[in-house]
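Asks: attaching a predicted model along with its sequence, questions to come.
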Amino acid sequence: MQTTNPDPRDTLPGSSGEAEAHLLRRIALQDRRAFEALYRVYYRRLTRFLDRLTRKPQMIDEILDDTMLVVWRKAATFNGDSQVSTWIFAIAYRKAMKALKREGNRAQILFDHDEPLYAPSPETAFIDGESRSAIRRLVAGLSVEQRAVVELTYYHGCANKENADIVGCPVDTVKTRMFHARRKLRSALRGEEQE
């Protein structure tokens, strides 16, 4: 999607949640500028989430476009029971799960190589790289449902209630998925340490 220069009206005072809700109300009135502004806000976040969830780069743009098309068409149905981000991530999650199901297999999630805030020594960089690789490998062994909860919690800062809204299950199910994911990761890490 092509975007234009930001409109000063798209930069609103108040919290980002209030600003996003305002943009969504404008989108419900078919305001394309508001849609472009919201698209810019969510493009990177959704791309990162979808990449980690699906690990299929060829699918990300299509899922992202499908998600934002739903946002455009269904903006008027947003009732404010959750944050705008929760609503949009839930749409993206459902679209990704449908795409994966069509694909016929479960995808792997790998954590990013985030830029460090300092310049580590070569030894530290090597050890950190090895640790990240081990964690990526271990997380890839989790079910896609468990990976989604891990991703939403640790990289998007979602609480259990938000996770439940996004993945469409009860809060207790989210807690159970996280419990089992942590247990599997802890067990696998112990196994790696013993080797």
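Replies: Received the coordinates, thanks.
Asks: please count neighbours and contacts with C-alpha atoms only from this point.
Replies: OK.
Asks: from Y155, how far out is T47?
Replies: Per Cα to Cα, to the nearest Å, T47 is found 13 Å from Y155.
Asks: neighbour-wise, which of those two wins?
Replies: Between T47 and Y155, T47 has the larger neighbour count (other Cα atoms under 10 Å), namely 17 against 13.
Asks: okay, now the closest residue to that one other than its chain neighbours: neighbour count?
Replies: Nearest-residue entry for T47: I60, 6.6 Å, with adjacent residues in sequence omitted and distances by Cα to Cα, 6 or more residues apart in numbering. Neighbours of I60 under the rule other Cα under 10 Å: 22.
Asks: packing partners of the helix or strand harbouring I60?
Replies: Taking DSSP states H and E as the definition, I60 sits inside helix 57-74. The contact analysis (3 or more Cα pairs under 8 Å, 6 or more residues apart in numbering; DSSP states H and E) places helix 57-74 against helix 16-28, helix 32-54, helix 84-103.
Asks: for S143, find the nearest of those helices.
Replies: helix 32-54 (10.4 Å; Cα to Cα).
Asks: about what we covered before: want to throw the helices and strands packed on helix 57-74 into a markdown table with mean pLDDT and distance to V171?
Replies: Formatted as a markdown table, those follow (pLDDT from 0 to 100; distance: least, Cα to Cα, whole Å):
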| stretch | mean pLDDT | distance to V171 |
| --- | --- | --- |
| helix 16-28 | 93 | 22 |
| helix 32-54 | 92 | 20 |
| helix 84-103 | 92 | 14 |
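Asks: now for those, which one comes closest to A76?
Replies: helix 16-28 (4.6 Å).
Asks: tell me which residues of that closest one come out buried.
Replies: A19, E20, A21, H22, L23, L24, R25, R26, I27, A28 (16 or more other Cα atoms under 10 Å).
Asks: check stretch 170-186 too.
Replies: V171, V174, K175, R177, M178, A181, R182, K184, L185.
Asks: what of stretch 65-83?
Replies: Buried residues in stretch 65-83 (16+ other Cα under 10 Å): D65, D66, T67, M68, V71, W72, A75, F78.
Asks: between those residues, which is nearest R40?
Replies: So of the buried residues of stretch 65-83, ranked by how close each gets to R40 (Cα to Cα), first place is M68, at 10.9 Å.
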